[in-house]
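Engineer: Sharing a model prediction with you, sequence too.
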Amino acid sequence: METIAATLPAKKPYSFTNGKLAMWLFLGSDAMGFMGLIGAYIVLRITSPDWMNGKLDPGFGINLTGFMTFLLIVSSVTMVTALAKIEKGDRKGLLFWLGMTILGGATFLGLQAYEWNLFIHHIADLASAYTAETGKEAPFTNYQATFFSLTGFHGLHVTIGVVYLSCIWVRAWQGAYTAENHSPVELVGLYWHFVDLVWIVLFTIIYLLPEPPA
């Protein structure tokens with residue numbers, strides 16, 4: 001029996017810690033919030049007679065948002081690499097790849113702010129044209145409401161993620177994580193992958209689906 005016990009690993013690399021349980025519970029509840037918004041978006045998209053999807057395109061198509069999606073996918077890869085580095089005890093590698101993940105998230109937020117600015121100005125132009133033509137105030141359409149709700153809610157999560165990652169980076173710079181003790185790095189990775197996955201869903205339903213028939 002002693003020989004068998006001696007051959008067993010001292011530590012399970014994928015043990016389910018309290019931190020992981022808490023993170024998975026949080027992500028599960030957060031996913032329900034996104035599901036509610038996405039469900040509302042789909043229902044309104046199908047049933048709304050004045051969806052005005054194409055009329056809100058200021059001219060850049062999906063080129064910008066496609067690049068933003070690519071950035072988040074790459075940031076997930078850099079997050080995986082950062083975790084792999086600290087699992088081998090490579091603190092410098094962790095700092096570099098974690099920094100690249102932060103850079104990817106911050107760039108995404110900058111591009112989203114630029115996209116919002118374009119859309120807001122485009123909506124203002126449409127509203128002015130509508131008022132000049134009809135003499136009435138332009139309505140705020142269901143498309144506009146759901147677009148800003150979904151992308152804004154996700155942008156908030158990316159902002160939280162960048163701050164979260166930055167805190168982990170500072171702790172890593174202080175030498176808090178080792179090959180044997182790096183659970184916080186794994187937890188922030190779970191959160192970041194969730195944020196990236198949600199964006200892929202949003203990118204598909206908001207930017208790639210064809211316009212509903214008139």
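Structural biologist: Looks like it arrived, so ask away. Numbers count the residues shown, from 1 in each chain.

Engineer: thinking in terms of the whole chain, how far from its middle is the longest helix seen in the chain?
Structural biologist: Scanning the chain for the helix with the most residues, using DSSP state H, yields helix 91-134. Between the centre of helix 91-134 and the centre of its chain there are 13 Å (Cα atoms, centre = their mean, to the nearest Å).

Engineer: Who are the packing partners of it?
Structural biologist: Applying 3 or more Cβ pairs under 8 Å, 6 or more residues apart in numbering; DSSP states H and E, we find helix 91-134 packed against helix 63-87, helix 142-173, helix 183-203. Where C-beta positions appear, they are placed from N, C-alpha and C, glycine not excepted.

Engineer: Throw those into JSON lines and include mean pLDDT, thanks.
Structural biologist: Below are the helices and strands packed on helix 91-134 laid out as JSON lines (pLDDT from 0 to 100):
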{"stretch": "helix 63-87", "mean pLDDT": "95"}
{"stretch": "helix 142-173", "mean pLDDT": "94"}
{"stretch": "helix 183-203", "mean pLDDT": "95"}
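
Engineer: With mean neighbour count and distance to Gly36 added, can I get the ones you listed in CSV?
Structural biologist: Formatted as CSV, the helices and strands packed on helix 91-134 follow (neighbours: other Cβ atoms under 10 Å; distance: least, Cβ to Cβ, whole Å):
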stretch, mean neighbour count, distance to Gly36
helix 63-87, 18, 22
helix 142-173, 17, 10
helix 183-203, 19, 13
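
Engineer: okay, the ones you listed in JSON lines with distance to Arg45 next?
Structural biologist: Formatted as JSON lines, those follow (distance: least, Cβ to Cβ, whole Å):
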{"stretch": "helix 63-87", "distance to Arg45": "17"}
{"stretch": "helix 142-173", "distance to Arg45": "8"}
{"stretch": "helix 183-203", "distance to Arg45": "13"}
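
Engineer: Mind checking those helices for the one nearest to Ala40?
Structural biologist: Closest to Ala40 of the helices and strands packed on helix 91-134 is helix 142-173 (Cβ to Cβ; 6.5 Å).
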